[in-house]
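Enquirer: When you get a sec, could you give me coordinates for this:
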Amino acid sequence: MTSPPGLMISAPASGTGKTTVMLGLLRALRDDGLTVQPYKSGPDYIDPAFHLAAAGRPSFNFDTWAMDAELLGGIAAQQDGADICIAEGSMGLFDGVATRGQSGFGSSAETALKMGWPVVLVIDVGGQAQSAAATALGFKLYNPDLPFAGVILNRVASPRHERLTRVGMDQVGVKVLGCLPRRGDLKLPERHLGLIQAVEHPDLEAAIAGYAEFLRENVDLAAIKAAARGGAAMPPHPLPTPPAQRIALARDAAFSFTYPHLLSGWRAAGAEILPFSPLADEAPAQDADLVWLPGGYPELHAGTLAAAQTFKAGLRKHAEQKQVHGECGGYMALGASLTDKEGVAHEMVGLLGLATSYEKRKFNLGYRRAVLDHAMPGFQVGAALRGHEFHYSSILDQPDAPLAQVFDADGNPAAQSGSWRGNVTGTFFHLITGERA
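Expert: Next up, the predicted model:
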């Protein structure tokens with residue numbers, strides 16, 4: 001299939017304001033009557049929920065490190081009915097891993113190239129003026145094959161500041177698509193994994209409406225729409241198949257990080273997804289074939305989870321006969337204990353012996369490739385999986401058998417092997433896909 005016209009919203013680095021630009025642009029285009037398909041380049045779990053709120057349409061991750069052409073094609077097929085695609089990049093435009101001897105493998109630039117989408121670069125021009133043009137020119141010329149639509153200047157201090165910065169851009173032939181005045185109220189709330197979750201924002205709808213109005217006042221929306229391009233032929237393929245027919249999926253503020261393409265693939269193949277809330281002390285559906293606990297923020301709700309007796313009893317009963325799987329935060333909840341940042345240990349479900357702690361934070365971040373030593377839901381022994389790990393917990397004890405041999409993006413062994421006991425499995429990485437044989 002050929003994709004609708006699209007753009008990649010990126011930046012020289014994190015923290016430049018591209019997420020607020022992305023949300024405002026999604027809503028402004030939607031308000032103009034367009035059907036907008038949002039995407040996130042890279043493995044971020046949080047931004048797609050914000051995109052959904054802004055565009056009214058599920059957002060999907062494109063990840064050129066983890067996904068083969070068939071999966072990329074399956075995700076591209078989710079654009080059906082869209083008038084325009086808008087993708088948000090991760091980190092800086094060319095930032096990726098150095099696997100295969102190639103700098104920037106898995107980068108937002110690589111996604112844009114595969115999809116044929118021009119780049120709109122959001123530049124924080126605070127503390128500089130004409131010098132910002134050197135940054136823009138460097139990004140424009142770094143890969144001449146990458147279409148470059150222009151720049152949005154963010155955090156402009158005054159009309160004089162805007163004029164001086166535009167002079168520099170004019171001199172190097174970079175098109176300015178908008179100038180956003182400096183405003184302190186445009187920053188989204190954050191915590192240690194980045195943004196807070198969309199469901200936790202105190203007034204997300206008002207915030208997004210405000211971003212859209214701000215973008216409409218300060219950005220040339222007509223020029224942005226005109227800059228969008230498509231034409232990349234992506235072979236349509238099905239999304240990943242479900243690991244069971246009836247899947248009880250934990251879904252609340254403690255457990256929310258599941259990649260949208262997985263859930264769409266499961267549903268498209270006829271699986272039933274049965275959400276339940278451990279925080280509300282709900283047990284998984286008794287007739288579920290599988291219980292899946294995604295990642296999230298169990299460390300912020302450890303006391304509530306420890307007291308959720310109905311949830312814990314229901315999960316233990318399910319595990320007597322049927323499969324349970326946990327990812328990252330879900331894996332920690334399946335363990336024996338979780339120690340919060342204050343040093344208080346909370347009793348978890350106890351289906352695994354894993355004991356974790358946030359008292360002394362340990363940063364764990366990066367792509368993961370795992371080769372299974374033991375089967376897990378949907379995959380047999382020897383299957384190779386690709387995923388992403390991002391958490392700050394330390395392992396105090398991990399007495400169960402290792403689930404897999406796990407490696408980072410460069411093939412170096414990673415310490416977090418996951419574990420299994422009986423019908424229960426868990427990993428610290430969030431599953432993106434299984435490799436095809």
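
Enquirer: where does the stretch 301-437 of the chain have low pLDDT?
Expert: By pLDDT under 70, the stretch 301-437 of the chain contains no weakly predicted segment.

Enquirer: Please, where are all the helices along it?
Expert: With helices called from DSSP state H, counting those that start in this stretch, the stretch 301-437 of the chain shows them at 302-306, 309-321, 329-334.

Enquirer: what's around A134, how many residues?
Expert: Counted with other C-beta atoms under 10 Å, the neighbours of A134 add up to 12. The way it works is simple: take the backbone N, C-alpha and C, and place the C-beta from them, glycine included.

Enquirer: Quickly find the element holding it.
Expert: Using DSSP states H and E, A134 sits within helix 132-142.

Enquirer: Now the element after that helix, going C-ward?
Expert: Downstream of helix 132-142, the next assigned helix or strand under DSSP H and E is strand 148-156.

Enquirer: correct me, but V172 touches A133?
Expert: Yes. Between V172 and A133 there is a contact at 4.8 Å, judged by C-beta atoms under 8 Å.

Enquirer: So between those two, which is more surrounded?
Expert: For V172 versus A133, the count of surrounding residues by other C-beta under 10 Å is larger for A133: 24 against 14.

Enquirer: which one is that one nearest to, not counting chain neighbours?
Expert: Distance criterion C-beta to C-beta, 6 or more residues apart in numbering; nearest residue to A133, sequence neighbours excluded, is G168 at 3.2 Å.

Enquirer: Looks to me like the one you found is in a helix.
Expert: Yes. Applying DSSP: H, G, I helix; E, B strand; the rest coil, one finds G168 inside a helix.

Enquirer: is it true that it touches V125?
Expert: No. Contact criterion C-beta under 8 Å: G168 and V125 do not qualify, at 9.5 Å.

Enquirer: what about those two, which has more around it?
Expert: Legend: neighbour count by other C-beta under 10 Å for G168 and V125, higher for V125 (28 against 21).

Enquirer: I'd assumed A134 was in contact with the more buried one.
Expert: No. Under the criterion of C-beta under 8 Å, V125 makes no contact with A134, lying 11.7 Å away.

Enquirer: Show me this structure divided up by domain.
Expert: Per automatic domain parsing, the domain ranges recorded for the chain read 6-227, 246-434.

Enquirer: Serialize those domains to a markdown table and add fields for distance to L239.
Expert: Formatted as a markdown table, the domains of the chain follow (distance: least, C-beta to C-beta, whole Å):
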| stretch | distance to L239 |
| --- | --- |
| domain 6-227 | 5 |
| domain 246-434 | 3 |
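
Enquirer: looking at those, which is closest to P238?
Expert: For the domains of the chain, proximity to P238 was assessed by C-beta to C-beta; domain 6-227 is nearest, at 5.7 Å.

Enquirer: for that closest one, how far is the first residue from the last?
Expert: Using C-alpha to C-alpha, to the nearest Å, one end of domain 6-227 lies 8 Å from the other.

Enquirer: From the chain's centroid, how far away is that domain?
Expert: 14 Å (C-alpha atoms, centre = their mean, to the nearest Å).

Enquirer: if you average pLDDT over that domain, what comes out?
Expert: For domain 6-227, the mean per-residue pLDDT is 90.

Enquirer: returning to that earlier point: next, the angle strand 148-156 makes with the helix holding A134.
Expert: Comparing the axes of helix 132-142 and strand 148-156 via axes from the mean of the first three to the mean of the last three C-alpha atoms, to 10 degrees yields an angle of 150 degrees.

Enquirer: Which strands or helices does helix 132-142 pack on?
Expert: strand 119-124, strand 148-156, helix 159-172 (3 or more C-beta pairs under 8 Å, 6 or more residues apart in numbering; DSSP states H and E).

Enquirer: Just the CA atoms of the first one, as CSV, please.
Expert: By that I understand strand 119-124. Written as CSV, here are the backbone C-alpha positions of strand 119-124 (Å, rounded to 0.1, in the frame of the first residue of the first chain):
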residue,chain,number,x,y,z
VAL,A,119,11.0,16.3,8.6
VAL,A,120,9.8,19.4,10.5
LEU,A,121,12.5,20.2,13.0
VAL,A,122,11.5,21.9,16.3
ILE,A,123,14.4,24.0,17.5
ASP,A,124,14.7,25.6,20.9
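
Enquirer: Who are the packing partners of that strand?
Expert: For strand 119-124, the packing partners by 3+ C-beta pairs under 8 Å, 6+ apart come out as strand 6-10, helix 108-115, helix 132-142, strand 148-156.

Enquirer: looking at the ones you listed, which is closest to K317?
Expert: Taking the helices and strands packed on strand 119-124 one by one with C-beta to C-beta, helix 108-115 is closest: 43.5 Å.
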